[in-house]
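>>> Okay, sequence plus prediction incoming.
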Amino acid sequence: MIRIILSVLSVLLFFVVGIITMPLTFLVSKFNKHAGDLMALRLVQGIFKVVLFLAGTKATYVGLENIPKDRAVMYIGNHRSIFDIILTYTKCPDLTGYISKEEIGKILPLKAWMKRLYCVFLDRSNPKAGMKVILTAIDQVKNGISMFVFPEGTRNKYAKVETDLLEFKDGSFKIALKTGCPVVPVAMINTAEIFENHKPTFKSAKVKVIYGEPIEVSSLTDEQKKHPGVYFQQVIKDMLEKEI
């Protein structure tokens with residue numbers, strides 16, 4: 001119960017600090033856009049680190065050196081917990097947007113910050129709107145902003161073991177195929193143990209986040225490019241099997 005209270009308070013703190021500091025980041029952006037964006041990024045990363053600490057999460061990160069620092073990338077990862085975003089966002093070296101479900105956008109203070117940080121919201125029931133989101137993500141990568149995608153499309157709530165994955169949807173990989181940006185696979189282990197496995201309580205948990213070597217989409221075969229979801233699902237599955 002104490003962890004829940006502390007975590008809720010840290011989120012409230014995020015909103016209060018955000019209301020105060022967001023205008024400042026916009027002001028800095030007037031003179032140096034990238035500096036203002038980075039200020040917003042570092043602020044949110046700092047608060048997310050506090051959330052992880054208060055939730056009792058002990059995270060081990062492997063392969064951070066695999067993240068290219070000189071170009072935008074497309075991150076992909078398995079998805080078991082709402083904490084997957086918090087865990088990975090704290091380690092983004094540069095501007096990174098996430099593709100998030102539309103329902104999150106209904107939380108107005110959160111939506112304001114997410115849009116400020118180049119996140120886009122996906123209506124999973126509307127294929128036409130979904131394509132618009134992908135086109136927006138493509139434009140952002142072309143402008144140097146990395147994108148993080150969970151190709152399963154939703155949290156995998158029914159996995160019995162870590163290597164159980166939902167189907168990786170091909171559509172999201174248009175971001176890499178159309179821009180030529182490298183794909184950085186991210187395998188996450190035990191993240192559902194923080195909250196989802198025993199909600200509504202938080203539990204101190206040890207988790208592991210592994211960043212694989214970037215994969216150039218130009219190196220894929222024609223068949224792999226035709227069905228990238230199958231290929232990259234196996235990449236993540238292999239990474240999980242290696243670590244478990």
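Cool, the structure landed.

>>> Tell me the secondary structure of residue 165, please.
Of the three states, residue 165 takes coil under DSSP: H, G, I helix; E, B strand; the rest coil.

>>> Give me the neighbour count for it.
18 (other Cβ atoms under 10 Å). C-beta here means a position set from N, CA and C on the backbone, and glycine is covered the same way.

>>> how near is it to residue 90?
Counting by Cβ to Cβ, to the nearest Å, the gap from residue 165 to residue 90 is 24 Å.

>>> Now do the helices in this protein.
With DSSP state H as the criterion, the chain has helices at 2-31, 33-54, 83-89, 108-116, 127-142, 174-179, 222-226, 228-243.

>>> Now tabulate these in a markdown table and tack on mean neighbour count and distance to residue 96.
Listed next are the helices of the chain as a markdown table, based on neighbours: other Cβ atoms under 10 Å; distance: least, Cβ to Cβ, whole Å:
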| stretch | mean neighbour count | distance to residue 96 |
| --- | --- | --- |
| helix 2-31 | 14 | 16 |
| helix 33-54 | 17 | 8 |
| helix 83-89 | 21 | 7 |
| helix 108-116 | 16 | 12 |
| helix 127-142 | 16 | 10 |
| helix 174-179 | 21 | 12 |
| helix 222-226 | 12 | 24 |
| helix 228-243 | 17 | 18 |
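
>>> so which of those helices comes closest to residue 208?
helix 228-243 (6.3 Å; Cβ to Cβ).

>>> gap between the closest one and the chain center?
Helix 228-243 has its C-alpha centroid displaced from the chain centroid by 17 Å (Cα atoms, centre = their mean, to the nearest Å).

>>> least trustworthy helix or strand in the protein by mean pLDDT?
helix 2-31 (a mean of 65; mean pLDDT, DSSP states H and E).

>>> export the helices of the chain to CSV and tack on distance to residue 188?
Shown next, in CSV, are the helices of the chain (distance: least, Cβ to Cβ, whole Å):
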stretch, distance to residue 188
helix 2-31, 19
helix 33-54, 13
helix 83-89, 6
helix 108-116, 20
helix 127-142, 21
helix 174-179, 20
helix 222-226, 23
helix 228-243, 9
